[in-house]
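1. how would this look folded up:
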Amino acid sequence: MVPVCPRPRRIQVCVLLAACVAVAGCGSSSSSSTSPTTVTTAALAGVSLSVSSIVGGGSVTGTVALTAAAPVGGAVVTLASSDGRAIVPASVTVAEGSSSQTFTIATVNSPTTITATLTATYSGASQTATLTVARLTLLSVSLSVPAVVGGSGVVGTVTLTGPAPPGGAVVSLASSTADAGVPASVTVAEGAMSQAFTIATRAISTTSAATISASYAGSTWGATLTIAPKLALQSLSLALGSVPGGLPVLGTITLTAAAPSGGATVSLASSSPTATVPAALALPEGATSQTFTINTVDSAPTRTATITATFAGASQTAALIVTAYPNISNVSCSPATPTGGSSIQCTGTLADPAPAGGWQLSLTSDNAAGAVPSSVAVPASSTTFSFTVVTTTVSSATAMTIQIFDAPSGIVLFTKLLNVTP
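-> A predicted model of the protein is given here:
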(Lines give C-alpha, C1' and ligand atoms only; values in the text may rest on other atoms or scores of the structure.)
Protein backbone atom coordinates (compact mmCIF):
# COMPACT_ATOMS: atom_id res chain seq x y z
CA MET A 1 0.00 0.00 0.00
CA VAL A 2 1.33 3.43 -0.96
CA PRO A 3 1.01 6.01 1.89
CA VAL A 4 -0.98 9.27 1.36
CA CYS A 5 0.68 12.65 2.11
CA PRO A 6 -2.09 15.28 2.68
CA ARG A 7 0.15 18.17 3.72
CA PRO A 8 3.19 19.58 1.85
CA ARG A 9 5.40 19.64 4.93
CA ARG A 10 5.21 15.90 5.10
CA ILE A 11 6.36 15.24 1.54
CA GLN A 12 9.95 14.22 2.45
CA VAL A 13 8.91 11.82 5.19
CA CYS A 14 6.22 10.36 3.02
CA VAL A 15 8.60 9.73 0.10
CA LEU A 16 11.04 7.97 2.37
CA LEU A 17 8.31 5.91 3.89
CA ALA A 18 7.00 4.88 0.49
CA ALA A 19 10.45 3.79 -0.66
CA CYS A 20 10.93 1.88 2.53
CA VAL A 21 7.64 0.03 2.16
CA ALA A 22 8.29 -0.76 -1.51
CA VAL A 23 11.76 -2.21 -0.93
CA ALA A 24 11.88 -4.00 2.41
CA GLY A 25 8.81 -3.27 4.42
CA CYS A 26 10.75 -0.87 6.78
CA GLY A 27 11.30 -3.35 9.54
CA SER A 28 7.88 -4.95 9.33
CA SER A 29 7.81 -8.72 9.64
CA SER A 30 8.15 -10.77 6.43
CA SER A 31 6.87 -14.22 5.65
CA SER A 32 10.16 -15.14 3.89
CA SER A 33 13.60 -15.80 5.55
CA THR A 34 17.22 -16.42 4.33
CA SER A 35 19.21 -19.51 5.57
CA PRO A 36 22.52 -18.64 7.28
CA THR A 37 25.78 -19.55 5.41
CA THR A 38 28.15 -21.96 7.28
CA VAL A 39 31.86 -21.08 6.96
CA THR A 40 34.39 -23.92 7.65
CA THR A 41 37.62 -22.68 9.19
CA ALA A 42 40.77 -24.55 8.09
CA ALA A 43 43.00 -25.99 10.81
CA LEU A 44 46.34 -27.82 10.64
CA ALA A 45 45.72 -31.56 10.09
CA GLY A 46 49.33 -32.75 10.07
CA VAL A 47 52.85 -32.69 8.65
CA SER A 48 54.32 -35.73 6.85
CA LEU A 49 57.66 -36.71 5.23
CA SER A 50 58.43 -38.61 2.02
CA VAL A 51 60.95 -40.71 3.98
CA SER A 52 61.62 -41.01 7.70
CA SER A 53 65.38 -41.51 7.36
CA ILE A 54 68.04 -40.18 5.00
CA VAL A 55 71.82 -39.97 4.76
CA GLY A 56 73.15 -36.48 5.49
CA GLY A 57 73.48 -34.41 2.32
CA GLY A 58 70.25 -35.60 0.77
CA SER A 59 66.87 -33.86 0.69
CA VAL A 60 63.41 -34.89 1.84
CA THR A 61 59.98 -33.67 0.76
CA GLY A 62 57.64 -32.61 3.54
CA THR A 63 53.89 -31.94 3.25
CA VAL A 64 51.62 -29.83 5.46
CA ALA A 65 47.91 -30.63 5.31
CA LEU A 66 44.88 -28.62 6.43
CA THR A 67 41.48 -29.90 7.53
CA ALA A 68 39.78 -27.73 4.88
CA ALA A 69 40.61 -25.50 1.93
CA ALA A 70 42.88 -22.54 2.70
CA PRO A 71 41.07 -19.20 2.97
CA VAL A 72 41.33 -16.18 0.67
CA GLY A 73 44.99 -15.14 0.48
CA GLY A 74 46.20 -18.66 1.46
CA ALA A 75 47.32 -20.12 4.77
CA VAL A 76 50.85 -19.42 6.01
CA VAL A 77 52.19 -22.39 8.01
CA THR A 78 55.25 -21.72 10.14
CA LEU A 79 58.01 -24.38 10.08
CA ALA A 80 60.84 -25.18 12.50
CA SER A 81 63.50 -27.89 13.02
CA SER A 82 65.01 -29.01 16.31
CA ASP A 83 68.41 -29.63 14.68
CA GLY A 84 70.37 -27.47 12.26
CA ARG A 85 71.35 -30.50 10.22
CA ALA A 86 67.76 -30.78 8.99
CA ILE A 87 66.97 -27.41 7.41
CA VAL A 88 63.41 -26.24 6.67
CA PRO A 89 62.10 -22.91 5.29
CA ALA A 90 60.68 -20.47 7.85
CA SER A 91 57.18 -20.99 6.47
CA VAL A 92 55.20 -22.49 3.63
CA THR A 93 51.97 -21.11 2.13
CA VAL A 94 49.04 -23.33 1.31
CA ALA A 95 47.43 -21.67 -1.70
CA GLU A 96 43.87 -20.34 -1.50
CA GLY A 97 41.42 -23.19 -2.07
CA SER A 98 44.08 -25.91 -1.58
CA SER A 99 44.32 -28.14 1.48
CA SER A 100 48.03 -29.13 1.32
CA GLN A 101 51.46 -27.91 0.25
CA THR A 102 54.88 -29.52 -0.05
CA PHE A 103 58.23 -28.12 1.02
CA THR A 104 61.87 -29.26 0.90
CA ILE A 105 63.99 -30.31 3.86
CA ALA A 106 67.73 -30.05 3.19
CA THR A 107 70.13 -32.13 5.31
CA VAL A 108 73.85 -31.84 5.93
CA ASN A 109 76.42 -34.52 6.68
CA SER A 110 77.19 -35.18 10.32
CA PRO A 111 79.81 -37.30 12.10
CA THR A 112 76.96 -38.93 14.04
CA THR A 113 73.42 -39.95 13.24
CA ILE A 114 70.86 -37.44 14.56
CA THR A 115 67.08 -37.27 14.92
CA ALA A 116 65.37 -33.95 14.14
CA THR A 117 61.83 -33.00 15.13
CA LEU A 118 60.14 -30.90 12.46
CA THR A 119 57.28 -28.69 13.69
CA ALA A 120 54.53 -27.06 11.61
CA THR A 121 52.31 -24.39 13.24
CA TYR A 122 49.14 -22.74 11.96
CA SER A 123 46.45 -20.75 13.75
CA GLY A 124 47.91 -21.58 17.15
CA ALA A 125 48.04 -25.37 16.62
CA SER A 126 51.17 -27.45 15.92
CA GLN A 127 51.93 -30.84 14.38
CA THR A 128 55.30 -32.66 14.33
CA ALA A 129 57.22 -35.27 12.30
CA THR A 130 60.53 -36.99 13.05
CA LEU A 131 63.41 -37.25 10.57
CA THR A 132 66.55 -39.34 11.13
CA VAL A 133 69.68 -37.99 9.41
CA ALA A 134 72.25 -40.79 9.15
CA ARG A 135 76.01 -40.35 9.04
CA LEU A 136 77.53 -40.38 5.54
CA THR A 137 80.03 -43.23 5.34
CA LEU A 138 81.57 -45.75 2.95
CA LEU A 139 79.23 -48.45 1.65
CA SER A 140 81.61 -50.61 -0.40
CA VAL A 141 84.64 -51.00 -2.62
CA SER A 142 84.29 -53.25 -5.65
CA LEU A 143 86.45 -54.49 -8.53
CA SER A 144 85.59 -54.83 -12.22
CA VAL A 145 87.07 -58.37 -12.20
CA PRO A 146 88.12 -60.61 -9.28
CA ALA A 147 91.26 -61.89 -11.02
CA VAL A 148 93.68 -60.57 -13.63
CA VAL A 149 96.95 -61.47 -15.33
CA GLY A 150 99.88 -59.49 -13.93
CA GLY A 151 100.58 -56.36 -15.98
CA SER A 152 96.90 -55.66 -16.67
CA GLY A 153 94.76 -52.89 -15.24
CA VAL A 154 91.64 -53.27 -13.11
CA VAL A 155 88.92 -50.73 -12.33
CA GLY A 156 87.90 -50.29 -8.71
CA THR A 157 84.85 -48.37 -7.48
CA VAL A 158 84.14 -46.82 -4.08
CA THR A 159 80.49 -46.22 -3.13
CA LEU A 160 79.14 -44.02 -0.33
CA THR A 161 75.92 -44.47 1.63
CA GLY A 162 74.63 -41.16 0.25
CA PRO A 163 75.55 -38.14 -1.92
CA ALA A 164 78.96 -36.60 -1.27
CA PRO A 165 78.86 -33.22 0.54
CA PRO A 166 79.95 -29.86 -0.92
CA GLY A 167 83.64 -30.11 -1.88
CA GLY A 168 83.31 -33.88 -2.41
CA ALA A 169 84.32 -36.83 -0.24
CA VAL A 170 87.98 -37.92 -0.18
CA VAL A 171 88.25 -41.71 0.21
CA SER A 172 91.65 -43.13 1.20
CA LEU A 173 92.95 -46.16 -0.72
CA ALA A 174 95.56 -48.82 0.05
CA SER A 175 96.85 -52.15 -1.32
CA SER A 176 98.28 -55.01 0.71
CA THR A 177 100.94 -55.73 -1.91
CA ALA A 178 103.08 -53.85 -4.39
CA ASP A 179 101.84 -56.25 -7.06
CA ALA A 180 98.71 -54.09 -7.23
CA GLY A 181 99.18 -50.31 -7.07
CA VAL A 182 96.39 -47.86 -6.18
CA PRO A 183 96.31 -44.04 -5.81
CA ALA A 184 96.52 -42.70 -2.25
CA SER A 185 92.94 -41.46 -2.46
CA VAL A 186 89.99 -40.86 -4.75
CA THR A 187 87.45 -38.05 -4.52
CA VAL A 188 83.74 -38.67 -4.89
CA ALA A 189 82.38 -35.50 -6.48
CA GLU A 190 79.80 -33.36 -4.70
CA GLY A 191 76.35 -34.90 -5.06
CA ALA A 192 77.73 -38.19 -6.45
CA MET A 193 77.63 -41.49 -4.55
CA SER A 194 80.47 -43.40 -6.26
CA GLN A 195 83.77 -42.94 -8.05
CA ALA A 196 85.99 -45.27 -10.06
CA PHE A 197 89.77 -45.55 -9.79
CA THR A 198 92.47 -47.58 -11.56
CA ILE A 199 94.49 -50.45 -10.08
CA ALA A 200 97.78 -51.14 -11.90
CA THR A 201 99.22 -54.67 -11.54
CA ARG A 202 102.72 -55.82 -12.39
CA ALA A 203 103.98 -59.01 -14.05
CA ILE A 204 104.69 -61.75 -11.51
CA SER A 205 106.07 -65.29 -11.52
CA THR A 206 103.62 -66.81 -9.01
CA THR A 207 99.97 -66.10 -8.22
CA SER A 208 99.46 -63.25 -5.76
CA ALA A 209 96.42 -62.00 -3.83
CA ALA A 210 96.05 -58.26 -3.12
CA THR A 211 93.57 -56.73 -0.69
CA ILE A 212 92.39 -53.34 -1.94
CA SER A 213 91.18 -51.21 1.00
CA ALA A 214 89.10 -48.02 1.00
CA SER A 215 88.43 -45.85 4.07
CA TYR A 216 86.13 -42.90 4.72
CA ALA A 217 84.57 -41.37 7.85
CA GLY A 218 85.85 -44.16 10.08
CA SER A 219 84.58 -46.97 7.86
CA THR A 220 86.88 -49.31 5.91
CA TRP A 221 85.99 -51.87 3.26
CA GLY A 222 88.19 -54.26 1.30
CA ALA A 223 88.11 -56.36 -1.87
CA THR A 224 90.45 -59.16 -2.92
CA LEU A 225 92.17 -59.14 -6.31
CA THR A 226 93.94 -62.28 -7.54
CA ILE A 227 96.94 -61.61 -9.78
CA ALA A 228 98.03 -64.53 -11.94
CA PRO A 229 101.37 -64.95 -13.75
CA LYS A 230 99.46 -65.95 -16.92
CA LEU A 231 95.97 -66.73 -18.12
CA ALA A 232 95.39 -70.42 -17.51
CA LEU A 233 92.73 -72.97 -16.63
CA GLN A 234 92.24 -72.91 -12.88
CA SER A 235 89.59 -75.56 -12.35
CA LEU A 236 86.82 -77.74 -13.74
CA SER A 237 83.98 -78.55 -11.35
CA LEU A 238 80.67 -80.43 -11.57
CA ALA A 239 77.45 -79.67 -9.71
CA LEU A 240 77.01 -83.41 -8.99
CA GLY A 241 79.48 -86.27 -8.83
CA SER A 242 76.82 -88.87 -9.60
CA VAL A 243 73.58 -88.64 -11.57
CA PRO A 244 70.90 -91.03 -12.86
CA GLY A 245 71.28 -91.54 -16.60
CA GLY A 246 69.03 -89.21 -18.58
CA LEU A 247 69.41 -86.21 -16.27
CA PRO A 248 71.67 -83.22 -17.10
CA VAL A 249 74.51 -81.91 -14.93
CA LEU A 250 76.10 -78.46 -14.86
CA GLY A 251 79.85 -78.09 -15.17
CA THR A 252 81.86 -74.93 -14.47
CA ILE A 253 85.12 -73.75 -16.03
CA THR A 254 87.21 -71.23 -14.06
CA LEU A 255 90.23 -69.31 -15.37
CA THR A 256 93.05 -67.86 -13.30
CA ALA A 257 92.13 -64.36 -14.52
CA ALA A 258 89.56 -62.51 -16.60
CA ALA A 259 89.30 -63.53 -20.25
CA PRO A 260 91.10 -61.02 -22.52
CA SER A 261 89.67 -58.97 -25.36
CA GLY A 262 87.96 -61.38 -27.74
CA GLY A 263 87.28 -63.87 -24.94
CA ALA A 264 88.81 -67.29 -24.28
CA THR A 265 87.84 -70.70 -25.68
CA VAL A 266 88.17 -73.88 -23.60
CA SER A 267 88.02 -77.32 -25.27
CA LEU A 268 85.83 -80.01 -23.65
CA ALA A 269 85.71 -83.80 -23.98
CA SER A 270 84.09 -86.84 -22.34
CA SER A 271 85.43 -90.38 -22.04
CA SER A 272 81.98 -92.03 -22.20
CA PRO A 273 79.02 -91.81 -24.58
CA THR A 274 76.73 -91.83 -21.52
CA ALA A 275 77.85 -88.24 -20.79
CA THR A 276 78.18 -85.78 -23.68
CA VAL A 277 79.63 -82.26 -23.58
CA PRO A 278 79.96 -79.42 -26.12
CA ALA A 279 83.24 -79.49 -28.06
CA ALA A 280 84.22 -76.04 -26.80
CA LEU A 281 83.13 -73.41 -24.31
CA ALA A 282 83.57 -69.67 -24.96
CA LEU A 283 84.20 -67.31 -22.04
CA PRO A 284 83.35 -63.70 -22.95
CA GLU A 285 85.81 -60.88 -22.41
CA GLY A 286 86.15 -60.04 -18.71
CA ALA A 287 84.65 -63.34 -17.49
CA THR A 288 86.59 -65.59 -15.12
CA SER A 289 84.16 -68.53 -15.19
CA GLN A 290 81.44 -70.07 -17.35
CA THR A 291 78.99 -72.98 -16.95
CA PHE A 292 78.11 -75.67 -19.48
CA THR A 293 75.67 -78.59 -19.61
CA ILE A 294 76.58 -82.29 -19.55
CA ASN A 295 73.79 -84.45 -21.04
CA THR A 296 73.58 -88.06 -19.86
CA VAL A 297 71.74 -91.16 -21.07
CA ASP A 298 70.40 -94.17 -19.23
CA SER A 299 72.49 -97.02 -20.56
CA ALA A 300 73.56 -100.08 -18.60
CA PRO A 301 75.85 -100.71 -16.94
CA THR A 302 76.60 -97.79 -14.60
CA ARG A 303 79.67 -95.99 -15.93
CA THR A 304 82.12 -93.30 -14.80
CA ALA A 305 82.72 -90.59 -17.38
CA THR A 306 85.85 -88.44 -17.24
CA ILE A 307 85.15 -84.86 -18.31
CA THR A 308 88.24 -83.02 -19.59
CA ALA A 309 88.73 -79.28 -20.12
CA THR A 310 91.81 -77.96 -21.98
CA PHE A 311 93.10 -74.40 -22.32
CA ALA A 312 96.52 -72.99 -23.26
CA GLY A 313 98.05 -76.47 -23.31
CA ALA A 314 96.90 -77.41 -19.79
CA SER A 315 94.00 -79.68 -18.80
CA GLN A 316 91.72 -80.23 -15.83
CA THR A 317 89.48 -83.28 -15.28
CA ALA A 318 86.42 -84.24 -13.24
CA ALA A 319 84.69 -87.61 -12.80
CA LEU A 320 80.94 -88.11 -13.27
CA ILE A 321 79.20 -91.37 -12.36
CA VAL A 322 76.24 -92.00 -14.69
CA THR A 323 73.99 -94.45 -12.91
CA ALA A 324 72.13 -96.94 -15.10
CA TYR A 325 68.75 -98.21 -13.89
CA PRO A 326 65.94 -100.38 -15.30
CA ASN A 327 63.06 -98.80 -17.18
CA ILE A 328 59.84 -100.45 -15.95
CA SER A 329 57.05 -99.90 -18.46
CA ASN A 330 54.24 -101.67 -16.58
CA VAL A 331 53.29 -103.70 -13.52
CA SER A 332 50.10 -105.80 -13.55
CA CYS A 333 48.57 -107.86 -10.73
CA SER A 334 46.05 -110.69 -10.85
CA PRO A 335 43.46 -110.28 -9.62
CA ALA A 336 43.55 -106.52 -10.13
CA THR A 337 41.40 -106.02 -7.00
CA PRO A 338 42.55 -108.56 -4.38
CA THR A 339 40.46 -109.85 -1.48
CA GLY A 340 41.88 -109.51 2.00
CA GLY A 341 43.51 -112.70 3.29
CA SER A 342 44.68 -113.85 -0.13
CA SER A 343 47.88 -113.86 -2.16
CA ILE A 344 48.17 -112.33 -5.61
CA GLN A 345 50.83 -112.49 -8.27
CA CYS A 346 52.24 -109.32 -9.84
CA THR A 347 54.39 -109.14 -12.99
CA GLY A 348 56.59 -106.26 -14.07
CA THR A 349 57.66 -105.55 -17.65
CA LEU A 350 60.93 -103.84 -18.63
CA ALA A 351 61.30 -101.61 -21.68
CA ASP A 352 64.72 -103.18 -22.38
CA PRO A 353 66.34 -106.53 -21.52
CA ALA A 354 68.33 -106.57 -18.29
CA PRO A 355 72.11 -106.20 -18.85
CA ALA A 356 74.76 -108.73 -17.93
CA GLY A 357 74.57 -109.15 -14.21
CA GLY A 358 70.82 -108.31 -14.24
CA TRP A 359 69.03 -105.74 -12.08
CA GLN A 360 68.48 -105.62 -8.34
CA LEU A 361 65.14 -104.15 -7.30
CA SER A 362 63.75 -103.28 -3.86
CA LEU A 363 60.04 -103.04 -2.97
CA THR A 364 58.00 -101.33 -0.25
CA SER A 365 54.32 -101.22 0.75
CA ASP A 366 52.74 -98.33 2.62
CA ASN A 367 50.01 -100.46 4.27
CA ALA A 368 50.09 -103.59 6.40
CA ALA A 369 47.06 -104.84 4.49
CA GLY A 370 49.48 -106.00 1.80
CA ALA A 371 53.02 -107.31 2.30
CA VAL A 372 55.63 -107.44 -0.48
CA PRO A 373 59.13 -108.97 -0.65
CA SER A 374 61.96 -106.55 0.21
CA SER A 375 63.86 -107.33 -3.01
CA VAL A 376 63.54 -108.91 -6.44
CA ALA A 377 66.34 -109.93 -8.84
CA VAL A 378 65.89 -109.52 -12.59
CA PRO A 379 68.09 -112.03 -14.45
CA ALA A 380 70.35 -110.95 -17.32
CA SER A 381 68.54 -110.55 -20.67
CA SER A 382 65.14 -110.87 -18.98
CA THR A 383 62.38 -108.37 -19.77
CA THR A 384 60.05 -109.38 -16.93
CA PHE A 385 60.09 -109.98 -13.18
CA SER A 386 57.44 -111.14 -10.71
CA PHE A 387 56.61 -110.93 -7.01
CA THR A 388 53.81 -111.96 -4.65
CA VAL A 389 51.61 -109.67 -2.56
CA VAL A 390 50.18 -111.28 0.59
CA THR A 391 47.09 -109.46 1.86
CA THR A 392 45.46 -109.57 5.31
CA THR A 393 41.78 -109.59 6.18
CA VAL A 394 40.25 -106.11 6.09
CA SER A 395 36.84 -104.82 7.27
CA SER A 396 36.53 -102.23 4.54
CA ALA A 397 38.13 -101.41 1.21
CA THR A 398 41.76 -100.47 1.88
CA ALA A 399 44.13 -98.73 -0.54
CA MET A 400 47.82 -99.64 -0.63
CA THR A 401 50.77 -98.28 -2.61
CA ILE A 402 53.66 -100.46 -3.77
CA GLN A 403 56.87 -98.70 -4.81
CA ILE A 404 59.66 -100.37 -6.79
CA PHE A 405 63.19 -98.95 -6.50
CA ASP A 406 66.53 -99.45 -8.22
CA ALA A 407 68.32 -101.03 -5.26
CA PRO A 408 71.84 -99.58 -5.83
CA SER A 409 70.75 -95.97 -6.40
CA GLY A 410 67.44 -95.77 -4.51
CA ILE A 411 65.72 -94.26 -7.57
CA VAL A 412 61.94 -94.84 -7.63
CA LEU A 413 61.18 -96.77 -10.83
CA PHE A 414 57.47 -97.52 -10.58
CA THR A 415 54.46 -97.00 -8.30
CA LYS A 416 51.57 -99.48 -8.23
CA LEU A 417 48.23 -98.81 -6.52
CA LEU A 418 46.06 -101.68 -5.22
CA ASN A 419 42.68 -101.72 -3.49
CA VAL A 420 42.19 -104.61 -1.02
CA THR A 421 38.53 -105.47 -0.45
CA PRO A 422 36.82 -107.40 2.41
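
2. pretty sure residue 407 contacts residue 361?
-> Yes: applying CB atoms under 8 Å, one finds residue 407 in contact with residue 361, separated by 5.9 Å. Where C-beta positions appear, they are placed from N, C-alpha and C, glycine not excepted.

3. Return every residue with contacts to both of those two.
-> residue 375 (CB atoms under 8 Å, 6 or more residues apart in numbering).

4. These two - which one has more neighbours?
-> residue 361 (23 against 17; other CB atoms under 10 Å).

5. Against residue 82, how distant is that one?
-> Remark: distance between residue 361 and residue 82 (CB to CB, to the nearest Å) = 78 Å.

6. repeat for residue 243
-> 65 Å.

7. what about these two, which has more around it?
-> residue 243 (21 against 14).

8. Can you say which helix or strand has that one in it?
-> Assigned by DSSP states H and E, residue 243 falls within strand 242-244.

9. Starting from that strand, tell me the next helix or strand along the chain.
-> strand 249-255.

10. model confidence over that next one, on average?
-> Strand 249-255 shows an average pLDDT of 97 in the prediction.

11. Please point out which parts of it sit buried.
-> Going by neighbour count (16 or more other CB atoms under 10 Å), the buried part of strand 249-255 is 249, 251, 252, 253, 254, 255.

12. Between the residues you listed, which sits nearest residue 375?
-> Nearest to residue 375, judged by CB to CB, of those is residue 249 at 29.0 Å.

13. Now do the contacts for the closest one.
-> 238, 239, 240, 243, 275, 293, 294, 296, 320.

14. List buried residues within the residues you listed.
-> Here, 16+ other CB under 10 Å leaves 238, 243, 275, 294, 296, 320 buried among the contacts of residue 249.

15. secondary structure class for the last one?
-> Read it as residue 320. With DSSP: H, G, I helix; E, B strand; the rest coil as the basis, residue 320 sits in strand.

16. which other residues reach stretch 405-414?
-> Contacts for stretch 405-414 (CB under 8 Å, 6+ apart): 244, 302, 323, 325-328, 331, 348, 359-364, 375, 403-404.

17. Kindly supply the ChimeraX command isolating those of those that are buried.
-> The buried residues among the contacts of stretch 405-414 can be selected in ChimeraX (16+ other CB under 10 Å) with this line:
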select :244,302,323,325,326,328,331,348,359,361,362,363,404
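
18. Narrow the contacts of stretch 405-414 to those in strands?
-> Among the contacts of stretch 405-414, the ones falling in strands (DSSP state E) are 244, 323, 328, 331, 348, 359-364, 375, 403-404.

19. and these, which two are the farthest apart?
-> 323 and 331 (21.5 Å).

20. quick one on the thing from earlier: reformat the buried ones among the contacts of residue 249 as a markdown table; add pLDDT.
-> Putting the buried ones among the contacts of residue 249 into a markdown table (pLDDT from 0 to 100) gives the following:
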| residue | pLDDT |
| --- | --- |
| 238 | 97 |
| 243 | 92 |
| 275 | 97 |
| 294 | 98 |
| 296 | 96 |
| 320 | 97 |
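
21. want to throw these into CSV with distance to residue 176?
-> Below are the buried ones among the contacts of residue 249 laid out as CSV (distance: CB to CB, whole Å):
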residue, distance to residue 176
238, 33
243, 42
275, 42
294, 39
296, 44
320, 39
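
22. helix or strand for the closest residue to residue 120 other than its chain neighbours, which one?
-> Distances taken as CB to CB, 6 or more residues apart in numbering place residue 47 nearest to residue 120, at 4.0 Å, with adjacent residues excluded. Using DSSP H and E, residue 47 sits within strand 44-49.

23. residues of that strand that come out buried?
-> 44, 45, 47, 48, 49.

24. And the helices in this protein?
-> 11-23 (DSSP state H).

25. Could you list the low-pLDDT ranges of it?
-> Across the chain, the ranges flagged by pLDDT under 70 are 1-39.

26. tell me the domain ranges of it?
-> 44-134, 138-228, 233-323, 328-420 (automatic domain parsing).

27. show me what contacts the closest residue to residue 311 other than its chain neighbours?
-> Once flanking residues are discounted, residue 311 sits nearest to residue 233: 4.1 Å by CB to CB, 6+ apart. When contacts are counted by CB under 8 Å, 6+ apart, residue 233 touches 253, 254, 255, 256, 266, 309, 310, 311, 312, 314, 315, 316.

28. Is residue 233 bridged to anything, and to what?
-> According to DSSP bridges, the residues that bridge with residue 233 are residue 255.

29. ok, the residue nearest to residue 120 to residue 102 distance?
-> Taking CB to CB, one finds residue 47 at 11 Å from residue 102.

30. Overlap in contacts, those two.
-> The contact lists of residue 47 and residue 102 share 62, 63, where a contact means CB under 8 Å, 6+ apart.

31. circling back to that earlier point, let me have the contacts of residue 249 in CSV, extended by distance to residue 384.
-> Listed next are the contacts of residue 249 as CSV, based on distance: CB to CB, whole Å:
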residue, distance to residue 384
238, 36
239, 36
240, 32
243, 28
275, 30
293, 36
294, 33
296, 27
320, 32
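
32. Tell me the one of the residues you listed nearest residue 189?
-> For the contacts of residue 249, the nearest to residue 189 is residue 239 (44.3 Å; CB to CB).

33. wait, doesn't the closest one sit right on residue 247?
-> No: counting by CB under 8 Å, residue 239 does not reach residue 247; the two are 10.9 Å apart.

34. Identify the contacts common to those two.
-> Joint contacts of residue 239 and residue 247 (CB under 8 Å, 6+ apart) do not exist.

35. Can you show me the strands along the stretch 151-300 of the chain?
-> Secondary structure of the stretch 151-300 of the chain (DSSP state E, counting those that start in this stretch): strands located at 153-160, 169-175, 180-181, 185-188, 194-201, 208-216, 219-228, 233-238, 242-244, 249-255, 264-270, 275-276, 280-283, 289-296.

36. of the ones you listed, which approaches residue 61 most closely?
-> Smallest distance to residue 61 across these (CB to CB): 21.7 Å, for strand 153-160.

37. contact partners of that closest one?
-> Outside strand 153-160, the residues that reach it (CB under 8 Å, 6+ apart) are 55, 136-145, 148, 169, 171, 173, 180, 182, 186, 188, 193-201, 212, 214, 216, 223, 225.

38. That strand vs strand 208-216, what angle?
-> 30 degrees (axes from the mean of the first three to the mean of the last three CA atoms, to 10 degrees).
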